[in-house]
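**Q** Here is a sequence with its predicted model. Questions after.
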Amino acid sequence: MGIMHDHDPVETREWLDALNAVVQHQGADRARYLLTLLREEAARIGASPAFALTTPYRNTIPPEQEARSPGNRELEHKIRSAIRWNAVAIILRANKESSELGGHIASFQSSALLYDIGYGHFWHAPTDQHGGDLVYVQGHVAPGIYARAFVEGRLTEQQLLHFRQETEGRGIPSYPHPWLMPDFWQFPTVSMGLGPLTAIYQARFLKYLEGRGLAKTEGRKVWAFLGDGEMDEPESLGAISLAGRERLDNLIFVINCNLQRLDGPVRGNGKIIQELEGVFRGAGWNVIKVVWGSTWDKLFAKDRDGILLKRMEACVDGQYQDFKSKDGAYVREHFFDTPELKALVADLSDDEVWKLSRGGHDPFKVYAAYAAAVAHRDQPTLILAKTVKGYGMGESGEGQMIAHQAKKMTVDALKQFRDRFDIPVPDDELAALPFISLSKDSPEFAYLQERRAALGGYLPQRRRKSAPLPAPPLANFERLLASSGEREISTTMAFVQMLGTLVRDKTIGKHVVPIVPDESRTFGMEGMFRQLGIYSAVGQLYRPQDADQLMYYREDKSGQVLQEGINEAGAMSSWIAAATSYSTNNLPMIPFYIYYSMFGLQRVGDLAWAAGDMRARGFLMGGTAGRTTLNGEGLQHEDGHSHVLASTIPNCVSYDPTFAYEVVVIVREGIRRMYEAQEDVYYYITLMNENYAHPAMPEGAAAGIVRGMYLLQQGGKGKGPRVQLMGSGTILREVMAAAELLRDEWKVNADVWSATSFNELRRDGMSAERHNLLHPDRPPRKSHVETMLEGHAGPVVAATDYMRNYADQIRGHVPRRYVTLGTDGFGRSDFRAKLRRFFEVNRHYVVVAALSALASDGEVKPAVVAQAIAKYGLDADRPDPWTV
C-alpha cells in the first residue's frame, strides 16, 4: 500500500501533538498501550495499517531516555586505548618476519568498545552469589581479549609473543578454544554460525535448570557477540524463533554491524541493520539499534523537517562503507549532498564532520543499550551496533575492502592510530611495537581491578572441575547383565531399560537429561513422557489427546526430557549445554541424546567437533544404526559410516555394542570416566532396532568390552585350520553363525571376538606404535589387539555394518593376514538378510573370506574357496556393491 496524500494536515498535526502529549505527561508505556488499542480497533473495522517490521534508521533509544554510565570516561578511554594498541601489536609482532602465522586486526578494532563496556559494567564472573554471565566472544576478536587479559596481569608478555605458536606450550591459540586454554576460554565460536545457535540453547538450558529446581539461574545472562556477515550462516538465524517463543529474556545478541565481511560489503545494495531488525522482530525479539553516536544528536535536533533521516534511509551500506574509507570533505560532499543537508553541517569543520561517529563507537550509546537489554523482560534482546571495520587503522584498513585480511600497518598508519587514541608510545619506539602495561599503582590499573572486583572477578574464565558423581555399580543392572532367555529385544530397548534405572537412581538420577529430536516413540521412550515429563517453559496449557492413556504426552515446567522436535542441530546444542554444565554452572549433568545415527555426526559434525573442543561430557546414542539394520528406510537413513566420522574427533570415545551387557558396561564406564574421574571425553554409542536374544555377560569380559575387544567364543581345540573372526553390532551375530558354518561344513575352528570399538583399538595401537618408535632401547609395547590374539592362531577376518575402513584402522596392529568386510556404498531398502547379502557381510561371505585367507596362507586349497562360493550361491561377477 503506497503512502496516501494528507488531505487534512491540521488534523494530522492534532493527532501527532496528542501522541507527543501522552508520551510527555504519561510516559511511553501509556502511548504504546493506546497505539495497541488503536491498531486492534483499526483491524476490527477493516482499516489495518500496513505492517512494518522495521523502525526508522536511527537509534532505538532517544537521548533523553538513555541510562547514564557511572564509569570514569577518561580512565576507561585510557584503558581501552592500551588494549587496542596491544591487540594490534600482537598481530604485527607475530607477522614481523613472515605473514605465515596470520591473525586479524580489524574485527576487534571495530568492536573494542562493545567488549569494554561489557567487561567494565555488565558481565559478572561466577561467585557464591551469582552463577556468572556467559559471554560468547566473536572468534576473530581473540587478540583483543588477550590484550585485555595482559593489561589485567593475567597473561604474560611471553604468551602474547607466542600468539599462534602453541606447540611448545608457551603460546596462545588463534581463536577461542577451551581445549587449548582450558582455564580461559569457555566457548569455541570461530566456526561461523555455531556461536548464535549454541548460545540460544545455552540460555534455554539455564531456564531448564531453574525450572527443574537444580540451580538458581535468575539474573544470569548469555551474551553472544556476532558479526553481521556471520548472520548469513543458516545456523545463525535457525533457532531465533525458539528464543522468541520461549521468551528467553536471559539472552542478548550483540551484532557488530561493521557492514563488511571478508571480501566486501555484507549488503552493499541494502541495509543489513534494517534486514536483521525485521527478521528478529518478526521472531519475537526486542531489538535495540545503536546506529549513530552522540555527535549526531545535535544534528537530529536541528533537523525539523526530517531530511537527515530521509538521507540516512536512502543510503545503502555500500555507500556508508565508502564514506568511512575517505575523509570529512568527502562525507560533506557526498553524504550531505543537498543545500539543505549542507546547511545542517555548515558550522562544522571537515574534521568535525569526520568525527560524526557510528553508535558502536560511542560509550554513552552502547552503555544505554546494554542497560536497556539487561532490564528488558519476557523477550530476548538483539543489539545492532553500527561500527567501522578496522576502526582507527587509517590507510591500512579502516573501512576498506581489505580490512579483514590486514596483518600489517604502515608507520604512518601506526602514528595516526597512536595519536587518535592517545597511546603513550614515542616515535622512536613505534617500530618496536612495545606492549603497554599499566603500572600497578596507576589510577587506570586500580580502576580496572575495581570494576572487575565489583562484578565478581575476571572474565573469560573457565571451570575445569565440578563435584564428582559416582558411577552406579554394575549390580544395579543385573537384569541386563543376565541372559534374556527366549525374550528377544534390541540394544535400543536394553539402553532404554538402563536409562530408566539411571533416572531412578537416588544419587545421579536428577542429573540425567534425556534428549530426543521427535523420535521418542521410535526408540520406545514414550514411557518417560508421563514419568519424567517433557520440559516446557509454560507447562501444559492443553489437555493432550492421549490423556486417558498410561503413557500420555505430559509437558511440565519441571520436565526432565528435552524434546526438541525435528531439529538435530538444536538437540545437539542442548546436549552441548548439558554436557558442559559442569563447567558453566558448576553442576554436572549427564545428557543422553538419542537419535537416528545417520542424522547425527553426518548432519551436526561441526557441532560434534566443537563439543570436543569444549571438553563436553555426555552420551550420544546413535539409534537405528548400521547400513543393513534399519532395513526399510533406505539410502538416506542407513548409516554405515558414523563410527568413521567419530574416529576423527580426538576425545570422542565410540562403541558399537551387540549385546545388552555390553551396553551396560560401556555406559557405566562412561559415567565413571566422565563424572567420577572427570575426564574430558564424550561417548558415542550405536544402538540397533533389531530384536534377538541376548546372552549373559561372560565372566571377566568387562575389561575387554571397555578396551574394544574380548573373546566371546572359543573355537574347537582339535587339529586343523583355525581362524579368528571379529565383529561388532548386529553383524557380530553373522560372524557367530559363520563360525558354526566353518566348524560344521568346512572343518575349520574359529574363535569369535566381539570388537566393541575399532576406534579405541586403533588409538591403543597408535599409542603402542609411537612408544616403540621413540623408545628403541626398551622392550616393545604390544597393542591390545596383539595381546588378545597371542595364542590364537590363524588369519583374522573382521566384519561390521560399517564401511571397511572402520575395521581397516587396526590393520597395522594385526600381525598376520587380515581381511575386512564392510558396507561401503549407498544404502537401500530391503529385508535385512537381503541387504547383508548385497553388501557382502552376511555369514556366507564371512565364511568365504575366512577360507580365502586360509587358502592364501596355504592352510586350505583354493578349490575349497570356490566350492564355498558355489555352495552359497554367491555371484562372483556382480558389480562392486559400492558402485551400484
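**A** Nice, thanks for sending it over.

**Q** any weak-confidence spans in this protein?
**A** Low-confidence segments of the chain (pLDDT under 70): 1-4, 403.

**Q** got the CA coordinates for the longest helix seen in it in PDB?
**A** Secondary structure of the chain per DSSP state H: the longest helix is helix 73-94. Output in PDB follows, covering the C-alpha atoms of helix 73-94 (Å, rounded to 0.1, in the frame of the first residue of the first chain):
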ATOM      1  CA  ARG A  73      35.100   8.100  31.000                       C
ATOM      2  CA  GLU A  74      38.700   9.300  31.000                       C
ATOM      3  CA  LEU A  75      40.100   6.300  32.700                       C
ATOM      4  CA  GLU A  76      38.100   3.900  30.600                       C
ATOM      5  CA  HIS A  77      39.400   5.600  27.400                       C
ATOM      6  CA  LYS A  78      43.000   5.200  28.500                       C
ATOM      7  CA  ILE A  79      42.500   1.500  29.400                       C
ATOM      8  CA  ARG A  80      40.600   0.800  26.200                       C
ATOM      9  CA  SER A  81      43.400   2.600  24.200                       C
ATOM     10  CA  ALA A  82      46.100   0.400  25.800                       C
ATOM     11  CA  ILE A  83      44.000  -2.700  24.900                       C
ATOM     12  CA  ARG A  84      43.500  -1.500  21.400                       C
ATOM     13  CA  TRP A  85      47.300  -1.000  20.900                       C
ATOM     14  CA  ASN A  86      48.200  -4.300  22.400                       C
ATOM     15  CA  ALA A  87      45.700  -6.100  20.200                       C
ATOM     16  CA  VAL A  88      47.400  -4.500  17.100                       C
ATOM     17  CA  ALA A  89      50.900  -5.300  18.500                       C
ATOM     18  CA  ILE A  90      50.100  -8.900  19.000                       C
ATOM     19  CA  ILE A  91      49.300  -9.400  15.300                       C
ATOM     20  CA  LEU A  92      52.000  -7.100  13.900                       C
ATOM     21  CA  ARG A  93      54.800  -8.700  16.000                       C
ATOM     22  CA  ALA A  94      53.600 -12.200  15.200                       C
END
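
**Q** just checking, what packs against that helix?
**A** Helices and strands touching helix 73-94, by 3 or more Cβ pairs under 8 Å, 6 or more residues apart in numbering; DSSP states H and E, are helix 106-121, helix 142-152, helix 157-161, helix 411-420, helix 443-454. In short, each C-beta sits where N, CA and C put it, glycine included.

**Q** Would you mind telling me which of those is nearest Phe187?
**A** With Cβ to Cβ, the closest approach to Phe187 among these belongs to helix 142-152: 11.8 Å.

**Q** re earlier: which parts of the longest helix of the chain are buried?
**A** 75-94 (16 or more other Cβ atoms under 10 Å).

**Q** Repeat that for stretch 207-217.
**A** Under 16+ other Cβ under 10 Å, the buried positions of stretch 207-217 are 207-212, 214-215, 217.

**Q** so which of these would you say is closest to Ile594?
**A** Relative to Ile594, the closest of the buried residues of stretch 207-217 is Tyr208; by Cβ to Cβ it sits at 17.7 Å.

**Q** who's in contact with that closest one?
**A** Counting by Cβ atoms under 8 Å, 6 or more residues apart in numbering, Tyr208 touches 535, 562.

**Q** and it, that one's in a helix?
**A** Yes: under DSSP: H, G, I helix; E, B strand; the rest coil, Tyr208 falls within a helix.

**Q** Distance of it relative to Gln202?
**A** Plainly put, Tyr208 is 10 Å away from Gln202 if you go by Cβ to Cβ, to the nearest Å.
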